[in-house]
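Engineer: sharing a model that was predicted from the sequence below.
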Amino acid sequence: MSAVRARAAAWRAIARIRRLQSRVAELDVARAGGERETAAQRHARAEQLLDQAQSGWAGAIEGAFDPGLARHWFAKVDRERAGERQAGETLREADTRLEEKRGDWHAAEARGEVAEERSRRATAGAARRAEEARLAESEDRFAGQRKRR
């Protein structure tokens, strides 16, 4: 195999590898999207629990004020608020991971496109050189036939 054809074959292999890397990155984006959705659902649930706790707190204060009951509701509201903050942080982290994965995917796509373009150029160059060699060989044969006459 000539060096030109070997180079074209190498670029084809690189292009295939880059496409596979792009596909893996795309799957990572899908996975990160699912994780983000799960985090969003947890956050929404934490917000609901916080709202319920705050409603209970408001109900406890509205009626006859009982310090024991107030402590209970305050502790519950505080726990739910902490849960909501944690769920919000998890959601923000999931958003960040998703954006990073999207960036990785786009970079992999770009590398794949570059590798495919280089593969096309190398293949076209190999074909052009092969055609030039065939033409030169034909010219040499024609020139040899003319000398013999």
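Structural biologist: Received the coordinates, thanks.

Engineer: so for residue 40, what's the pLDDT?
Structural biologist: Note on residue 40: pLDDT of 93.

Engineer: against residue 81, how distant is it?
Structural biologist: Distance from residue 40 to residue 81, counting by C-beta to C-beta, to the nearest Å: 18 Å. C-betas here are computed from N, CA, C, even on glycine.

Engineer: over to residue 22?
Structural biologist: Applying C-beta to C-beta, the value for residue 22 to residue 81 is 43 Å.

Engineer: so which of these two has more stuff around it?
Structural biologist: Between residue 22 and residue 81, counted using other C-beta atoms under 10 Å, the more crowded position is residue 22 (21 against 15).

Engineer: quick one: the strands in this structure?
Structural biologist: Taking DSSP state E, the chain contains no strands at all.

Engineer: what about it, any weak spots by pLDDT?
Structural biologist: Applying pLDDT under 70 to the chain picks out residues 1, 60-61, 63-67, 69, 148-149.

Engineer: for it, which helix is longest?
Structural biologist: Identified as the longest helix of the chain according to DSSP state H is helix 67-148.

Engineer: which secondary structure elements does that one sit against?
Structural biologist: Other helices and strands packing on helix 67-148, by 3 or more C-beta pairs under 8 Å, 6 or more residues apart in numbering; DSSP states H and E, are helix 3-62.

Engineer: hey, what's the angle from the helix it packs on to helix 67-148? Just curious.
Structural biologist: 170 degrees (axes from the mean of the first three to the mean of the last three C-alpha atoms, to 10 degrees).

Engineer: what helices or strands is helix 3-62 leaning on?
Structural biologist: Packing partners of helix 3-62 (3+ C-beta pairs under 8 Å, 6+ apart): helix 67-148.

Engineer: pretty sure residue 50 is touching residue 84, no?
Structural biologist: Yes. Here residue 50 lies in contact with residue 84, judged by C-beta atoms under 8 Å, at a distance of 4.6 Å.

Engineer: tell me, how many residues neighbour residue 29?
Structural biologist: Residue 29: 20 neighbours (other C-beta under 10 Å).
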